[in-house]
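A.B. asks: One predicted model, sequence on top.
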Amino acid sequence: MQIKDSIALVTGANRGLGKAFVQALLAAGAAKVYAAARDPSTIEVLPNVVPLKLDVTRPEDIAAAVQNAPDLTLLINNAGISGLSGQAQDSISLDTLRHEFETNAVGPLATSLAFAPILAANGGGAIVNMHSALSWINLPNTVTYSASKAAAWSLTNGLRLRLAAQGTLVVGVHVAFVDTDMTRGLEGVQKAAPHEVVQRILDGVLNEQPEVLADGTSEQIKQNLSNGIYLQPITQG
């Protein structure tokens, strides 16, 4: 799929990876970018950027976004949350689990299904879903986050099959830690630069790759899945 002249929507576009997506899409020649966030006043004002109110856990917000973006050709489900800072090996919060699942798994699926008819009407287009290297492995303090991202990965694989007939490319992205606000409190881990991650993802969309491994850590983990890496104790250091 061509990025140039596309009409894109990025969820969680007010900071971090989402903001990097908006900037990269504009640089690649996107005709318009709907920059979605729970508070659209936090979106940076730029030419060809349309701020959009969207909390992916609120069906009414999703319905309004569909009405406001009838020309969409590229949906990037970037919004996500993590309760990393609130978890410890002996303290797993079920409330955190529910909140992460609603935002990281249910939200992207709901948004994708809502926009699927629009993408079909506009030639098929593409959907990009952000997973994680932690979709494949878990850590003592990422138990619920990893579970939500594993669910998102599985849902993306099903969505890809469901939307193939209408010509919609569904891209699943795996990446480890990215240098954003979400990982600010994590020390001793390698963090990828947001602009480098985004560029690899957009290159994957351009080349119609159904899966993008956006950093070296994700590539290494996937290579070792058959060796049972997910069964081994792994530390963040």
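C.D. replies: Arrived safely, thanks for sending.
A.B. asks: CA atoms for contacts and neighbours, from now on please.
C.D. replies: OK.
A.B. asks: Next up, phi/psi of Val10, please.
C.D. replies: Main-chain torsions, Val10, degrees, to the nearest 10: phi -120, psi 120.
A.B. asks: Tell me who's in contact with it.
C.D. replies: Val10 sits next to Gly18, Phe21, Val22, Val33, Tyr34, Ala35, Ala36, Leu75, Ile76, Asn77, Asn78 when contact means C-alpha atoms under 8 Å, 6 or more residues apart in numbering.
A.B. asks: Equivalent analysis for Gly80, please.
C.D. replies: Shown in contact with Gly80 (C-alpha under 8 Å, 6+ apart): Gly12, Glu100, Thr103, Asn104.
A.B. asks: Mind listing what's buried along the top helix by length along the chain?
C.D. replies: Counting by DSSP state H, the longest helix found in the chain is helix 143-163. The neighbour-count check on helix 143-163 (16 or more other C-alpha atoms under 10 Å) flags 143-153, 155-157, 159-160, 163 as buried.
A.B. asks: Can you give the strand pairings for the helix or strand just after it, parallel or anti for each?
C.D. replies: Next along the chain after helix 143-163, taking DSSP states H and E as the criterion, comes strand 169-174. When pairing is defined by DSSP bridges, strand 169-174 lines up against strand 126-130 (parallel), strand 211-213 (parallel).
A.B. asks: Roughly how far does the residue nearest the centre of the chain sit from Asn48?
C.D. replies: For the chain, the residue nearest the mean C-alpha position is Met130 (2.5 Å; C-alpha atoms, centre = their mean). Applying C-alpha to C-alpha, to the nearest Å, the value for Met130 to Asn48 is 24 Å.
A.B. asks: what stretches of the chain score poorly on pLDDT?
C.D. replies: For the chain, applying pLDDT under 70 flags the ranges 84-90, 180-190, 234-237.
A.B. asks: swap the cut-off to 80 and go again
C.D. replies: Residues of the chain meeting the criterion pLDDT under 80: 83-91, 177-192, 233-237.
A.B. asks: List the contacts of the residue nearest to the centre of the chain.
C.D. replies: Taking C-alpha under 8 Å, 6+ apart as the criterion, Met130 is in contact with Ile76, Asn77, Asn78, Gly172, Val173, His174.
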